[in-house]
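Asks: got a predicted model here, sequence first, then my questions.
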Amino acid sequence: MITTGEKLVEETLTAGFNLAVYLKQQQKIIEEAMDKSLPIAKPEKIYKAMRYSLLAGGKRLRPILCLATCELTGGSLEMALPTACALEMIHTMSLIHDDLPAMDNDDYRRGKLTNHKVYGENIAILAGDGLLAYAFEYVGQETKNVPPQRILEVITRLGRTVGATGLVGGQVLDLESEGKSDITAETLTEIHTRKTGALLETSVISGAILAGASSEDLQRLSTYAQNIGLAFQIVDDILDITATKEELGKTVGKDLQAQKATYPSIWGIEASREQAKQLIDSAISQLSIYREKADALRAIACYIINRKN
Ligand code: FPP
Ligand code: MG
């Protein structure tokens with residue numbers, strides 16, 4: 001029986017794999033690529049607003065997952081780097097829009113003032129739109145040495161992930177559920193599957209698609225991604241209650257304040273933690289066939305449950 005946390009890291013990872021070093025090294029590659037991806041042009045204001053949020057730090061989990069699965073399934077870093085950047089552009093734009101007064105009306109994100117607090121609401125909306133459009137352009141224009149059919153598949157999948165079937169639909173369900181006391185765990189899971197899980201799954205899968213992975217690999221990685229996606233959201237809900245503003249870099253206690261249904265509000269904190277652990281164990285069980293080649297994906301799954309921000 002696998003147990004999650006420190007013990008699992010010891011039991012399942014190859015000796016010598018250092019997640020902190022790995023994350024730092026991958027984050028550096030991604031930060032540099034994103035900085036280069038979006039030079040300032042005219043009108044400067046919009047480029048500055050887009051760069052302000054894109055380069056505001058963050059865990060860079062989505063691009064890291066994309067690069068990891070591309071390499072795991074036989075591709076190279078170069079094949080997946082444009083898509084990795086695009087995933088972060090999409091994630092960033094969704095947060096800019098999520099923080100707007102018309103949505104969650106938040107003042108802080110990633111430890112900095114939110115985009116609309118610095119640039120105003122009109123520019124923040126456009127900065128989000130600009131990043132979304134550019135993400136697609138960037139994958140199409142910058143992906144090299146990958147058969148066009150795979151690039152098309154990634155672009156199509158990205159569209160499905162951000163649209164009404166994914167993030168947009170999930171956000172609408174989330175808005176509709178605010179203040180309702182009868183939200184079930186099933187409804188909550190649907191919201192999070194679309195709002196957070198979809199982009200995490202596409203991050204994992206797009207790397208593998210670009211590498212030309214087999215359908216068996218795609219199936220295993222999808223299951224891994226769905227499990228870590230849900231665990232990620234459960235941990236997010238727990239951190240909203242237990243973490244400090246300094247740890248999270250954003251306002252805490254917002255869910256309770258907005259009377260949002262969360263996993264802890266339905267199950268309690270301890271049962272939510274237990275559920276997240278089980279999901280991480282299921283995710284990791286998908287990776288055994290890859291042995292030590294999947295150490296990064298295993299360690300990321302453990303990190304999701306042990307993270308403090
Ligand atoms: C944060 O959730 C928000 C999201 C994960 C995505 C929200 C999606 C949109 C605003 C749709 C964006 C539009 C397109 C076209 C993709 P949260 O409020 O639960 O978490 P937080 O505490 O980090 O704000
Ligand atoms: Mg929010």
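Replies: Okay, I see it. Every value quoted in this text rests on a predicted model; they were computed, and no experiment measured them. Ligands and ions are numbered 1, 2, ... in the order given.
Asks: which element follows the helix or strand of the chain with the lowest mean pLDDT toward the C-terminus?
Replies: Lowest mean confidence among the helices and strands of the chain (mean pLDDT, DSSP states H and E): helix 6-12, at a mean of 50. Sequence-wise, the next helix or strand downstream of helix 6-12 (DSSP states H and E) is helix 19-37.
Asks: quick one: mean pLDDT over that following helix.
Replies: What helix 19-37 shows for mean pLDDT is 97.
Asks: which secondary structure elements does it sit against?
Replies: helix 61-72, helix 77-98, helix 295-306 (3 or more C-beta pairs under 8 Å, 6 or more residues apart in numbering; DSSP states H and E). (Glycine included, C-beta is placed from N, CA and C.)
Asks: switch the cut-off to 10 Å
Replies: Helix 19-37 sits against helix 44-54, helix 61-72, helix 77-98, helix 121-142, helix 295-306, with contacts defined as 3 or more C-beta pairs under 10 Å, 6 or more residues apart in numbering; DSSP states H and E.
Asks: export those as TSV, with columns for mean neighbour count, distance to residue 109 and mean pLDDT.
Replies: What follows is these, written out as TSV (neighbours: other C-beta atoms under 10 Å; distance: least, C-beta to C-beta, whole Å; pLDDT from 0 to 100):
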stretch	mean neighbour count	distance to residue 109	mean pLDDT
helix 44-54	19	7	98
helix 61-72	26	15	98
helix 77-98	24	6	98
helix 121-142	18	11	98
helix 295-306	22	20	94
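Asks: ligand 1 is nearest to which of those helices?
Replies: helix 77-98 (3.8 Å; C-beta to the nearest ligand atom).
Asks: what's the angle between that closest one and helix 44-54?
Replies: Counting by axes from the mean of the first three to the mean of the last three C-alpha atoms, to 10 degrees, helix 77-98 lies at 100 degrees to helix 44-54.
Asks: immediately after helix 77-98, which helix or strand?
Replies: Assigned by DSSP H and E, the successor of helix 77-98 is strand 108-109.
Asks: can you list the strands that that following strand pairs with?
Replies: Applying DSSP bridges, strand 108-109 is found paired with strand 112-113 (antiparallel).
Asks: related to what we said a few turns ago, next, format the helices and strands packed on helix 19-37 as JSON lines and append distance to ligand 2.
Replies: Formatted as JSON lines, the helices and strands packed on helix 19-37 follow (distance: least, C-beta to the ion, whole Å):
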{"stretch": "helix 44-54", "distance to ligand 2": "14"}
{"stretch": "helix 61-72", "distance to ligand 2": "17"}
{"stretch": "helix 77-98", "distance to ligand 2": "4"}
{"stretch": "helix 121-142", "distance to ligand 2": "14"}
{"stretch": "helix 295-306", "distance to ligand 2": "19"}
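Asks: which residues does the single nearest residue of the chain relative to ligand 2 contact?
Replies: The nearest approach of the chain to ligand 2 comes at residue 104, 3.5 Å away (C-beta to the ion). Applying C-beta atoms under 10 Å, 6 or more residues apart in numbering, we find residue 104 in contact with 95, 97-98, 114, 171, 174-175, 178, 250-251, 254, 258, 260.
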